[in-house]
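**Student:** coordinates only, sequence not included:
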Ligand SMILES: Cc1cn([C@H]2C[C@H](O)[C@@H](COP(=O)(O)OP(=O)(O)O[C@H]3O[C@H](C)C(=O)[C@H](O)[C@H]3O)O2)c(=O)[nH]c1=O
């Protein structure tokens, strides 16, 4: 697999090796040993999958310590732009974000360490999104920042009028009001 560094240390793009032939393609979508060797010593414990129609924006979500989550995200079908926002108080890249287009064709994956808010917007008519987490779901530790937070000023690559949100995602706090990560926490 090919590892591509991003502007935020620790957030990396992974390009798995894809074997194409006249039948289609094969790839190892994940290897724990290779991930630990080439990315970081994260052990994943939960796989998630969501399906979204065009315009669906899920985010910006995270879980607080001690239930914070690293995520390894990918798109199996369709096209999204995926966002990882550094919300670790004291981080030199606090408030900065990485945006990566993930599609069922480019097979790209994005690793998002603990201490980041995560979200994506759906650009295709349908997108199947799969991701690994290194901590179990803990609704009592869920946190979020508003997708349209003026401080982050994220360009979601889609007309605002096309954005489809869950009721929950319509009412998240601004960055300044959100419960953020104490950067001193050992994040993984
Ligand atoms: C996240 C999660 C949710 N659920 C249940 C709770 C709700 O009844 C239902 C839908 O949950 P929610 O609306 O929070 O799903 P998303 O809006 O896709 O949330 C996710 O969106 C962004 C992109 C993330 O990175 C997080 O993993 C997660 O917050 O699934 C579970 O049972 N287990 C889980 O791990």
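**Tutor:** Sure thing, it's come through. Note that this is a predicted model, so its numbers are computed, not measured.
**Student:** who's in contact with residue 3?
**Tutor:** Shown in contact with residue 3 (CB atoms under 8 Å, 6 or more residues apart in numbering): 12, 13, 14, 15, 38, 39. All C-beta atoms are positioned from the backbone trio N, CA, C, and that covers glycine.
**Student:** Can you list the residue ranges for helices in this structure?
**Tutor:** 32-38 (DSSP state H).
**Student:** Flag every residue of it that's near the ligand.
**Tutor:** 48, 50, 58, 59, 61, 71, 118, 119, 120, 137, 166 (CB under 6 Å from any ligand atom).
**Student:** In this structure the second one contacts residue 58, no?
**Tutor:** Yes: taking contacts as CB atoms under 8 Å, residue 50 lies within contact range of residue 58: 6.8 Å.
**Student:** Can you pick out the residue with more neighbours from these two?
**Tutor:** More crowded of residue 50 and residue 58, by other CB atoms under 10 Å: residue 58, with 20 against 13.
**Student:** Identify the bridge partners of the more buried one.
**Tutor:** residue 120 (DSSP bridges).
**Student:** rewinding a little: now the buried members of the residues of the chain next to the ligand.
**Tutor:** Listed as buried from these are 58, 59, 61, 71, 118, 119, 120; burial here means 16 or more other CB atoms under 10 Å.
**Student:** centroid residue for the chain?
**Tutor:** residue 118 (4.4 Å; CA atoms, centre = their mean).
**Student:** Give me the pLDDT value at that residue.
**Tutor:** In this prediction, residue 118 carries a pLDDT score of 98.
**Student:** Provide a list of residues in contact with the residue nearest to it when sequence neighbours are not counted.
**Tutor:** Closest residue to residue 118 apart from its sequence neighbours, by CB to CB, 6 or more residues apart in numbering: residue 112 at 5.4 Å. If you count contacts by CB under 8 Å, 6+ apart, residue 112 has them with 11, 70, 71, 72, 73, 84, 118.
**Student:** Can you list which of those are found in strands?
**Tutor:** 71, 72, 73, 84, 118 (DSSP state E).
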